[in-house]
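K.L.:
Model the structure of this input:
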Amino acid sequence: MPYNNSPVVGRGNAAACAAAPVNGVDERGVARAAACVVGALEAHVAHPTLYVVPVNQTLAYHAAVPGVSFYALRYYTGSPHGTLVHPTLLVAPTCGSAYRMGTPAGSLRITCGGGSHFGRLGHDPQWVIDVSSSATLTVTRLAAPALHLTSTQGFFATPLRLSVTGALSGAVVTYTARNGTARGCAVSASRPTVLRASSTGTCVVSASEATSTNYRSTTTSATVTIWRGTPAPLVITSLVGSVSHPLALTTRGGAPGAIVTYAVVRGSASSCALLTHPARVRAGSKGTCRVTASEAVSASWRATSSASTVVVFR
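P.N.:
Numbering: from 1, shown residues only. All right, here's what the predicted structure looks like:
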């Protein structure tokens, strides 16, 4: 029987070894190798183990299903982490995982199977393939779409409802605010979220979307301008007076705490005069006077005026 390193080992004619009268066995009835020995007795060649070890891989969420070539392999002898080798004439095992497009972010197992038992490493004997090792396929979260704050202008004393574009379907967007040039910038604790400020100017608002199963967190910030508010309509409420007594002028509406000034013009009365401290109107005869009330622009409110209002004196 030849030694394992004999030059006759693996040099036989494979077709002749398989055909009659050899019929794939030697004189002892021992099965011939695929690459048989030249001679009557087949050599007993030791078959070292070739350990097939897949490599850990990473995919982003919703990536296309990778092909077989995506799953890289390494080959070792001695143990699954022994000596790294580079076998030739090897039909490599195929590897795969349970990944499908849309598989949630997380970890999956990479396993392998198959492969040829007749590969060689240089001139070394054939290998026994071990595919018991596995690896990890990590599916990573994607960057979330960018958020854009769309509510960037509001008015004093009117809560501004905050909104964004770019949020993921079903995602919860949270908001925070800090003072810019305005004072008292704050967002509501309840939904829908609104911004309030205690003065005109600017607030800096941040919108955030937390990390989800498949997407990373994202945040955006923008400057929100709070303009002067529009006061409630200013209306003169003192509409009837007596010729014998000046009529005190009163209004409703306007901006809170604003100073109201008045202008008077004659109607059908012989004369109409505006008295101050407090504001009153006096008519020279029975008839009408026309009065207009006004509030000047302030840090927080726009200027406003009433309609020219008819006041009747009897």
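K.L.:
What is the neighbour count of residue 252?
P.N.:
11 (other CB atoms under 10 Å). Placement of C-beta: from N, CA and C, glycine included.
K.L.:
shift numbering so it begins at 13
P.N.:
Done: numbering now begins at 13, and the last item shifts to residue 264.
K.L.:
Confirm it sits in a strand?
P.N.:
Yes. Assignment of residue 264 by DSSP: H, G, I helix; E, B strand; the rest coil places it within a strand.
K.L.:
Give me the neighbour count for residue 184.
P.N.:
Applying other CB under 10 Å, we find 11 residues neighbouring residue 184.
K.L.:
On the pLDDT front, check it for me.
P.N.:
If you check residue 184, the pLDDT there is 94.
K.L.:
Residue 37 now?
P.N.:
Confidence score, pLDDT, at residue 37: 71.
K.L.:
can you count the residues close to it?
P.N.:
Neighbour count for residue 37, taken as other CB under 10 Å: 12.
K.L.:
For it, give its distance to residue 30.
P.N.:
Distance, residue 37 to residue 30, using CB to CB, to the nearest Å: 10 Å.
K.L.:
How about residue 321?
P.N.:
118 Å.
K.L.:
Ok, residue 306 next?
P.N.:
For residue 306, the distance to residue 30 - CB to CB - is 114 Å.
K.L.:
Between these two, which has more neighbouring residues?
P.N.:
More crowded of residue 306 and residue 30, by other CB under 10 Å: residue 306, with 17 against 13.
K.L.:
Excluding covalently adjacent residues, which one is nearest to the more buried one?
P.N.:
residue 317 (4.4 Å; CB to CB, 6 or more residues apart in numbering).
K.L.:
May I see the buried residues of the helix or strand of the chain with the lowest mean pLDDT?
P.N.:
Least confident element among the helices and strands of the chain, by mean pLDDT, DSSP states H and E: helix 26-30 (a mean of 74). Within helix 26-30, the residues scored as buried using 16 or more other CB atoms under 10 Å are residue 29.
K.L.:
which element follows it toward the C-terminus?
P.N.:
strand 61-66 (DSSP states H and E).
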